[in-house]
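Colleague: Please work out how this folds:
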Amino acid sequence: MKMASKYIPALHFHWLTPWYDAFMRRLYPEQALKTALIAQARVQPNQRVLDLGCGTGTLMLLIKRTHPDIDVHGLDVDPQVIDIARKKAEQAGAMISLQQGVTTDLPYDDETFDRVFASLMLHHLTREDKWQTLAEAFRVLKPGGELHVADFGKPQDRTMWLISLLVRWAEEVHDNIRGLLPVFMAEAGFCAAEEIGRYRTVSGTIALYRARKPSGEGACSHHSGETS
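Modeller: Residues are numbered from 1 along each chain as shown. So this is what the prediction gives:
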């Protein structure tokens, strides 16, 4: 498995990582956003789910608390946040599996998971790595499995658009703000890539997306879109 020599930490700087959870609670509707993301996934008993870029484990623990009878896995490139997630799981008495690795080269077999989640992670990635990550998510999903994403999306009003002018060149957010994540999902092979909901935040619009891996041999009709 290849490991990334450089990556963007959760709050851009490693020294801020211990304050990540407090930052998210104060500045974003984190609980509502993650609860809605889990609800739209309609996870079934005994399924296996994967949280890509799981960070400090907040989403993983909420998934496990909501669905205690499922198998929850998380992966992140940053050993510092993996350690925080592991400690939080131990304190909560939650049985979850954590692994360090890169989302562009997942250490899992084909067709392993029923659901794959990615919460506020894709905007850290370059366009090429977004494509590869989505391709890897497609690979590890079982036929009929679903991808559920929360990340920056296309602004829904003037206020969010003005905020986007300030953040669109930060990290790799530009493609997200152009509304291209569903296009990238379709290009990776997913069916019915769609936006499910939107949240107004201090950093701009956070959108919830859902996409499905085909359950049969027939190919999906891909969405078209400009990606240059």
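
Colleague: which residue is nearest the middle of the protein?
Modeller: Ala118 (1.1 Å; C-alpha atoms, centre = their mean).

Colleague: List the residues that contact it.
Modeller: Residues in contact with Ala118 (C-beta atoms under 8 Å, 6 or more residues apart in numbering) are 51-53, 103, 133, 137, 147-151. Heads up, the C-betas are built off the backbone N, CA and C, glycines and all.

Colleague: and of these, the nearest to Val173?
Modeller: Nearest to Val173 among these: Asp151, at 8.8 Å, using C-beta to C-beta.

Colleague: Check what pLDDT that closest one gets.
Modeller: Note on Asp151: pLDDT of 93.

Colleague: now swap in Thr205 and tell me
Modeller: Thr205 carries a pLDDT value of 87.

Colleague: Helices of the protein, residue ranges please.
Modeller: Assigned by DSSP state H, the helices in the chain fall at 20-27, 30-41, 58-66, 79-92, 127-140, 158-167, 174-177, 181-187.

Colleague: on that earlier part again, please report how far the residue nearest to the centre of the chain lies from Phe184.
Modeller: 12 Å (C-beta to C-beta, to the nearest Å).

Colleague: Equivalent analysis for Glu146, please.
Modeller: Glu146 is 16 Å from Phe184, by C-beta to C-beta.

Colleague: try Ala92
Modeller: Relative to Phe184, and taking C-beta to C-beta, Ala92 is found at 34 Å.

Colleague: neighbour count winner among these two?
Modeller: Taking other C-beta atoms under 10 Å, Ala92 and Phe184 do not tie; Phe184 has more neighbours (23 against 13).

Colleague: thinking again about what came up before, in a markdown table, list the helices of the chain along with distance to Phe113 and mean pLDDT.
Modeller: Converted to a markdown table, those look like this (distance: least, C-beta to C-beta, whole Å; pLDDT from 0 to 100):
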| stretch | distance to Phe113 | mean pLDDT |
| --- | --- | --- |
| helix 20-27 | 25 | 61 |
| helix 30-41 | 11 | 94 |
| helix 58-66 | 12 | 96 |
| helix 79-92 | 18 | 93 |
| helix 127-140 | 5 | 97 |
| helix 158-167 | 31 | 64 |
| helix 174-177 | 23 | 86 |
| helix 181-187 | 16 | 96 |
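
Colleague: For Val79, list the residues it contacts.
Modeller: I think there's a mix-up here, since residue 79 is Pro and not Val. Gln100.

Colleague: Return the distance of it relative to Arg86.
Modeller: 10 Å.

Colleague: Give me the contact list for stretch 192-209.
Modeller: Residues contacting stretch 192-209 (C-beta under 8 Å, 6+ apart): 27-29, 32-33, 36-37, 40, 120, 147-156, 159-160, 163-164, 167, 177, 181-183, 185-186, 210-212, 220, 223.

Colleague: how many neighbours does the residue lying closest to Leu125 once chain neighbours are set aside have?
Modeller: Spatial nearest neighbour of Leu125, excluding adjacent residues (C-beta to C-beta, 6 or more residues apart in numbering): Glu172 at 5.7 Å. Glu172 sits with 18 neighbouring residues when counted by other C-beta under 10 Å.

Colleague: and the gap between Glu172 and Leu62?
Modeller: Distance from Glu172 to Leu62, by C-beta to C-beta: 26 Å.

Colleague: swap in Gly53?
Modeller: According to C-beta to C-beta, Gly53 stands 15 Å off from Leu62.

Colleague: Name the residue in these two with the higher neighbour count.
Modeller: Gly53 (24 against 18).

Colleague: show me the contacts for the more buried one.
Modeller: 75-77, 103, 118-122, 124.
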